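Trainee: Quick one, structure for this:
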Amino acid sequence: MKKDISLEKETIMNVAATLFGEKGYAATSVRDIARDLDVSVATIYYYFKNKEDLLFTIIDSIGNDLYGLLKKSIEEFSDPLERLRHMLLGHICLAHQKKNEVKVYVEEQVNLSKKYRSIIYKQHRNIYDTYINQLEELKKLKLVRFEQLPVAAFAMFGMANWCYRWFKEDGGIPIEEAAQILADIFFHGILNPGVSSPSVLKERSPSAKK
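Mentor: Reported below is the predicted structural model:
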């Protein structure tokens, strides 16, 4: 029976991402990964040149997954607001579904050599430009009320990428619902309509009624 090489490689990446996420890249050895997989160290080196190559492959793979997800949203939704919302929703759900990989993506890139970092930087730029292009389209339609679109783009990244740090399955709501709440906060803020100035807040505060 012929081996499914891509499946075996993906299994190694999944186990490595879990260990890197739990122990950190520096504290995890190739031997640790082989032990968890119950394979020889040579098996790991059959698929990856070294530990850094494994780290790069994990980071590159999750980045490509995210970029592909964003492009799919662009293709599927013609309305620019709906498109951007689904981009953010998909990003948040992916960050939860592959939280180990995303944690490695966010926290362990510093361990890549300059050669690998330059490749990942280009990938980052593609993802960033994808978001910025959608925000610029909203701005042209006069749907965005501020000039600094990069701030909005990085706010979206933060909302999506860092949910792996705080979202818990036993928190009472599914990730899809949490994603909708985060999207609502991004697009509409947390205040009720009409609450837009310090004077309104002061008028409604308990102390103002005394």
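Trainee: Just want the phi and psi numbers for Leu143.
Mentor: Dihedral angles phi and psi of Leu143 (degrees, to the nearest 10) take the values phi -100, psi -10.
Trainee: In contact with Tyr116, which residues are there?
Mentor: For Tyr116, the residues meeting the contact criterion (C-beta atoms under 8 Å, 6 or more residues apart in numbering) are 52, 56. Placement of C-beta: from N, CA and C, glycine included.
Trainee: So for the helix or strand containing it, what gets flagged as buried?
Mentor: Assigned by DSSP states H and E, Tyr116 belongs to helix 114-140. With burial defined by 16 or more other C-beta atoms under 10 Å, the residues of helix 114-140 counted as buried are 116-117, 120, 123-124, 127, 130-131, 134-135, 138.
Trainee: May I see the residues you listed arranged in CSV, with pLDDT as well?
Mentor: Putting the buried residues of helix 114-140 into CSV (pLDDT from 0 to 100) gives the following:
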residue, pLDDT
Tyr116, 97
Arg117, 96
Ile120, 97
Gln123, 96
His124, 95
Ile127, 96
Thr130, 96
Tyr131, 96
Gln134, 96
Leu135, 96
Leu138, 94
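Trainee: With distance to Glu107 as extra columns, can I get the residues you listed in CSV?
Mentor: Written out in CSV, the entries for those read as follows (distance: C-beta to C-beta, whole Å):
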residue, distance to Glu107
Tyr116, 15
Arg117, 14
Ile120, 13
Gln123, 17
His124, 15
Ile127, 17
Thr130, 23
Tyr131, 21
Gln134, 27
Leu135, 26
Leu138, 31
